[in-house]
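Trainee: What would the 3D arrangement of this be:
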Amino acid sequence: MVDQQHSDLQLVRSLQKGDMRAFDRLFTKYGGKIFYLAKGYLGSREEAEGLVQEVFIKIWENRRNIKEHLSFRSYLFTITYNAIRKFLRVKYREQEFLKEFQIDDPALTDQVTVQIEYIELLEQVDLAVEKLPRRQRQIYKLSREEGLSHKEIARILSLRPKTVENHLHEAMKRIRKHLGKLDLLCILFGALFL
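Mentor: Numbers count the residues shown, from 1 in each chain. Sure, this is the predicted structure:
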């Protein structure tokens, strides 16, 4: 794991200088993982490929702003998570539009159902996060949305890493409890974030 972080750090430093070979190596290293994650949620090879391209275009465009001290892998998966959320919200709006005009397609209906459930999951997670105690909410967001490690969060908040870990563990328990009755949504959440 340390070797992977060290290797990523070297690649990120080269990427920040505009090194296309470093970009290609990061794409080769993580592109497949992003693709399979996206395909699992989007259900379409073409849409997943498009999402991978979108993620790596964003990385290239923001290469100078990537923080070296953060985990690149966490940064990458945070961008992917946000891209999937955005994609599903847009798709949901399109489906609502089609529904309004009575356009029916059984295959589309199944896909829309999964996407609606995923959007509901995201909304439920957001709701659960907002109900967390202030410190747990702060640590959860730094970990899951900013991609910071326990050690980085501890340094920022002047806490011990074990304290951060305990707060995060409690936050996840509360979120799981909140999602308890939403079986499929809870499975999706667990697969993505736990």
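
Trainee: Quick check: closest non-adjacent residue to residue 146.
Mentor: Among residues not flanking residue 146 along the chain, residue 78 sits closest, at 7.2 Å (C-beta to C-beta, 6 or more residues apart in numbering). C-beta: built from backbone N, CA, C; applies to glycine.

Trainee: I'd say that neighbour and residue 147 touch.
Mentor: Yes: look at residue 78 against residue 147 with C-beta atoms under 8 Å: they come within range, at 4.6 Å.

Trainee: Please, where are all the helices along this protein?
Mentor: 2-16, 20-42, 45-61, 72-100, 106-131, 134-140, 150-157, 161-179, 183-193 (DSSP state H).

Trainee: could you dump those helices to JSON lines with mean pLDDT and mean neighbour count?
Mentor: Converted to JSON lines, these look like this (pLDDT from 0 to 100; neighbours: other C-beta atoms under 10 Å):
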{"stretch": "helix 2-16", "mean pLDDT": "75", "mean neighbour count": "14"}
{"stretch": "helix 20-42", "mean pLDDT": "89", "mean neighbour count": "16"}
{"stretch": "helix 45-61", "mean pLDDT": "90", "mean neighbour count": "16"}
{"stretch": "helix 72-100", "mean pLDDT": "75", "mean neighbour count": "16"}
{"stretch": "helix 106-131", "mean pLDDT": "69", "mean neighbour count": "15"}
{"stretch": "helix 134-140", "mean pLDDT": "90", "mean neighbour count": "18"}
{"stretch": "helix 150-157", "mean pLDDT": "88", "mean neighbour count": "17"}
{"stretch": "helix 161-179", "mean pLDDT": "86", "mean neighbour count": "17"}
{"stretch": "helix 183-193", "mean pLDDT": "50", "mean neighbour count": "15"}
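
Trainee: can you give me phi and psi for residue 70?
Mentor: phi -90, psi 160 (degrees, to the nearest 10).

Trainee: no no, residue 44
Mentor: phi -130, psi 130.

Trainee: Can you report how many residues neighbour it?
Mentor: Residues near residue 44, counting by other C-beta atoms under 10 Å, number 12.

Trainee: ok, it to residue 30 distance?
Mentor: 20 Å (C-beta to C-beta, to the nearest Å).
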